[in-house]
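In: build me a structure from this.
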Amino acid sequence: MVTATLTSKGQLTIPKAVRDSLRLHAGDRVAFVVHGDEEAVLKPVTKSVDEVFGRLHSPAQTRRSIDEMKAAVARRIRSRLR
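Out: Take a look at the predicted model:
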């Protein structure tokens, strides 16, 4: 188990082993998910472009132009306003 000490200002330094495991770097954001009164889970919030690149790609999906995408967004917004 890796531990850290809370400072008088309420700050923690995330140990290097944990930062390395979660691939955290300076400037990255983390979220604390609290479970009950005695447990919290630390989760990375930010992802690099390299980690998410291509996740939405589907070979069956047809390519759309910027104008087509803008028109689709506009249609969706208009349908929500009705």
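In: looking at the protein, which helix or strand is least sure?
Out: Across the helices and strands of the chain, mean pLDDT, DSSP states H and E gives its lowest value to helix 49-52, namely a mean of 71.
In: following it, which helix or strand shows up next?
Out: Downstream of helix 49-52, the first helix or strand assigned by DSSP states H and E is helix 66-81.
In: extract the CA atoms of the least confident helix or strand of the chain and return them as PDB.
Out: Extracted in PDB, the C-alpha atoms of helix 49-52 (Å, rounded to 0.1, in the frame of the first residue of the first chain):
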ATOM      1  CA  VAL A  49      -5.200  13.100 -27.600                       C
ATOM      2  CA  ASP A  50      -3.100  10.000 -28.300                       C
ATOM      3  CA  GLU A  51      -5.100   8.000 -25.800                       C
ATOM      4  CA  VAL A  52      -8.500   8.800 -27.300                       C
END
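In: that helix packs against which elements?
Out: Counting contacts by 3 or more Cβ pairs under 8 Å, 6 or more residues apart in numbering; DSSP states H and E, helix 49-52 is packed against no other helix or strand. From N, CA and C alone the C-beta is placed, and that goes for glycine too.
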